[in-house]
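1. coords please:
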Amino acid sequence: MTTWKMSARSAVLAMAVALTPVAGALAAGAQDYEFRLVTAEVRQGAGAAVAVRLVHKPSGRAVPDAVIYATRLDMSPEGMPTMTTPVTPMPGGDEPGVYRFRTDLVMAGGWALTLAAKVQGEEGTVQDRLVLRSVQ
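-> Sure, this is the predicted structure:
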């Protein structure tokens with residue numbers, strides 16, 4: 001009987017150890033991703049191009065094929081959150097994980113780009129607010 005208890009304990013311990021990596025993987029989600037500006041300064045004017053990279057934080061790798069479904073660009077860093085401008089997605093470039101947008105930066109100064117995206121195979125929504133600078 002003692003032998004059975006020991007092997008049952010061993011089996012439970014082995015299962016716990018085996019499931020630990022799975023539990024860690026299941027805990028991954030939207031918080032493991034972030035957007036980063038490719039360039040923090042963008043030339044002011046009509047048709048300005050803004051590029052961001054979506055990164056998986058633990059590995060540092062760029063993430064292609066995310067679905068960006070919400071964008072907003074406003075001058076809240078300058079105290080003007082109601083001053084917005086449209087943001088239009090552009091076709092992807094040669095670099096996977098880089099997402100490009102066209103916009104009209106009508107004034108020089110700080111602009112906040114807010115993004116929301118879904119990453120394939122992950123729960124939740126990746127949301128970020130990036131501050132860029134429009135220069136003349």
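
2. which other residues reach the longest strand along the chain?
-> The residue-count maximum for a strand in the chain (DSSP state E) belongs to strand 45-56. The contact list for strand 45-56, computed with C-beta atoms under 8 Å, 6 or more residues apart in numbering, reads 32-39, 42, 61-63, 66, 73, 87, 90, 93, 95, 97-105, 113, 115, 117, 119, 126, 130, 132, 134. Glycine gets a C-beta too; all of them are placed from N, C-alpha and C.

3. how would you label residue 39: helix, strand or coil?
-> Three-state assignment for residue 39 (DSSP: H, G, I helix; E, B strand; the rest coil): coil.

4. repeat for residue 111
-> The three-state assignment at residue 111 reads strand, by three-state DSSP.

5. okay, and the beta partners of the most centrally placed residue in the chain?
-> Nearest to the mean C-alpha position of the chain, by C-alpha atoms, centre = their mean, lies residue 34 at 3.2 Å. Beta-bridge pairing for residue 34 (DSSP bridges): residue 55.

6. my guess is it meets residue 130, correct?
-> No - the pair residue 34 / residue 130 is not scored as a contact, 9.3 Å apart, by C-beta atoms under 8 Å.

7. now do the strands in this structure.
-> Using DSSP E, strands in the chain cover 33-37, 41-43, 45-56, 61-62, 67-75, 80-85, 87-90, 98-105, 109-118, 126-135.
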